[in-house]
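> Sharing a model that was predicted from the sequence below.
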Amino acid sequence: MKISLPVENHQPLAVLQGVLKSLLEKQIVDVVLTPMRTPSGSVTPALVSDAVLLDHADPLAPVLPVNAATWAGKVSLREPRPRVAAVLRSCEARALIELTKMAQASLDDLVIVAIDCAGTYTPTAYLRKQAQSEAPLWAELYTAVRQQPGFVNPDLRPACQICEQPIYENAPIRIRLLESDLEQCVWIEAQDEIAEKLGWQGTATNGRSAEVEAYLAARTQARDQAFAEIRLRLEGDEGIAGVFAACIRCHNCMTVCPICYCKTCVFKSHVFDHEPMKYLEWARQKGAQRMPPDTMLFHLTRQNHMALSCVGCGMCTDACPSELPVGLVFRAVAQRLQQTFDYLPGRNVQEPLPLVTFKADEWTEVGE
């Protein structure tokens with residue numbers, strides 16, 4: 001059902017904090033995973049069991065320091081486990097669905113509280129801009145959705161500028177921020193069972209507003225343009241080797257990726273610590289050997305492993321010290337692969353992963 005919670009004193013954040021408190025106080029869950037403000041002003045995911053401390057929860061803060069799907073998976077996977085409410089943006093919720101399919105998370109005792117996303121800043125940009133602004137940063141972003149739905153904010157994280165899926169609709173609780181006039185009310189959609197436990201009464205859901213449709217269209221257009229530009233580079237003289245030429249193989253992109261979950265990774269082993277004479281052999285064969293070596297093998301292996309499940313969160317781009325467009329490359333490659341299999345990562349937990357599902361007639365359309 002869809003309900004409207006009134007906003008008092010222009011404080012929609014207090015409404016969301018109240019919802020999270022109710023989940024604890026009515027014993028629907030044991031703990032809440034939510035973005036929390038720290039004394040320094042930064043925002044980080046935290047597990048909260050004390051409802052009083054939820055006064056510091058800030059799910060509206062437009063910042064994504066980590067993809068919290070990783071931590072939702074860790075606290076939900078093994079038994080015994082707590083009942084968790086996980087406050088997640090769309091890219092985080094979709095990553096959690098993919099992890100569930102990979103047996104790296106469980107939804108059995110987990111309630112996704114999905115929040116519509118108007119985009120996020122990097123942690124450093126968030127702190128800088130918040131220090132310069134008298135109003136909370138979320139106010140500008142969500143107001144722009146209604147007043148300037150076709151505007152793509154160039155200050156947002158690159159992944160957010162081209163995100164055409166800021167809404168996750170299959171959650172037990174969805175905070176419909178993109179459709180809410182946050183000065184007046186917060187629209188929330190909840191499963192009947194949860195709404196009943198919370199004492200909510202509401203109406204049937206309705207469709208997306210024209211402003212939200214325009215917002216999605218603008219980001220889809222920005223995505224298509226970005227994909228076209230990076231494909232020109234990848235398929236032109238520069239090639240993928242040129243695009244990734246500045247890679248220092250720090251593994252940051254792999255470390256922050258919610259889909260890269262392997263406990264034992266060949267790139268974190270001694271396999272690529274070659275004997276000194278091997279480096280000399282390569283240098284003599286080519287005249288010069290790039291150091292560190294094997295950077296292209298690293299990226300191609302990562303693409304091969306997780307392109308089907310890439311949700312476009314862009315954490316890899318944020319973490320790259322060489323400022324490489326890692327996320328853009330992966331999304332552009334993933335789009336074609338996902339279209340081939342008619343697969344949208346995170347769309348439905350019941351939808352099997354294509355590469356672990358055998359279909360006898362899968363390739364008949366290409367003559368195989």
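Right, received. Where do you want to start?

> Next up, identify which helix or strand the residue positioned nearest the centre of the chain is on.
Nearest to the geometric centre of the chain sits Cys91, at 2.7 Å (C-alpha atoms, centre = their mean). Assigned by DSSP states H and E, Cys91 belongs to helix 90-101.

> Can you name the residues in contact with that helix?
Residues from elsewhere that reach helix 90-101 (C-beta atoms under 8 Å, 6 or more residues apart in numbering): 64, 67-70, 72-73, 86, 88, 105-107, 112, 114, 116-117, 159, 163, 165-168, 171, 258-259, 261, 309, 311-314, 345-349, 352-353. Any C-beta I mention is one placed from the backbone N, CA and C, and that applies to glycine too.

> Determine the set of other helices and strands touching the following helix or strand past that helix.
Next in sequence after helix 90-101, counting helices and strands by DSSP H and E, comes strand 110-115. Where contact means 3 or more C-beta pairs under 8 Å, 6 or more residues apart in numbering; DSSP states H and E, strand 110-115 is packed against helix 12-25, strand 84-89, helix 90-101, strand 173-175.

> Recalculate using a threshold of 7 Å.
Here strand 110-115 touches strand 84-89, helix 90-101, strand 173-175, going by 3 or more C-beta pairs under 7 Å, 6 or more residues apart in numbering; DSSP states H and E.

> List just the one of those that sits closest to His299.
Counting by C-beta to C-beta, His299 lies closest to helix 90-101 out of the helices and strands packed on strand 110-115; the figure is 19.6 Å.

> could you dump that closest one to CSV, C-alpha only?
Presented in CSV, the C-alpha positions along helix 90-101 are these (Å, rounded to 0.1, in the frame of the first residue of the first chain):
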residue,chain,number,x,y,z
SER,A,90,18.7,1.5,-6.0
CYS,A,91,22.3,0.5,-7.0
GLU,A,92,22.8,-1.0,-3.6
ALA,A,93,19.5,-2.9,-3.6
ARG,A,94,20.2,-4.3,-7.0
ALA,A,95,23.7,-5.4,-6.0
LEU,A,96,22.2,-7.1,-3.0
ILE,A,97,19.8,-9.0,-5.2
GLU,A,98,22.8,-10.2,-7.4
LEU,A,99,24.7,-11.2,-4.3
THR,A,100,21.7,-13.2,-3.1
LYS,A,101,21.7,-15.1,-6.4
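
> between it and strand 84-89, how big is the angle?
Using axes from the mean of the first three to the mean of the last three C-alpha atoms, to 10 degrees, the direction of helix 90-101 lies 130 degrees away from that of strand 84-89.

> Please, which helix or strand holds the nearest residue to Arg176 once chain neighbours are set aside?
Nearest-residue entry for Arg176: Trp187, 4.1 Å, with adjacent residues in sequence omitted and distances by C-beta to C-beta, 6 or more residues apart in numbering. If you go by DSSP H and E, Trp187 is part of strand 185-190.

> For that strand, name the packing helices and strands.
Secondary elements touching strand 185-190 (3+ C-beta pairs under 7 Å, 6+ apart): strand 2-6, helix 12-25, strand 173-175.

> For Glu183, find the nearest of those.
Of all the helices and strands packed on strand 185-190, helix 12-25 sits nearest to Glu183, with 7.8 Å by C-beta to C-beta.

> and the angle from the closest one to strand 84-89?
Using the same axes, to 10 degrees: helix 12-25 against strand 84-89 is 160 degrees.

> Could you list the low-confidence segments of the stretch 201-350 of the chain?
204-207 (pLDDT under 70).

> so where do the strands sit in it?
Assigned by DSSP state E, counting those that start in this stretch, the stretch 201-350 of the chain shows no strands.
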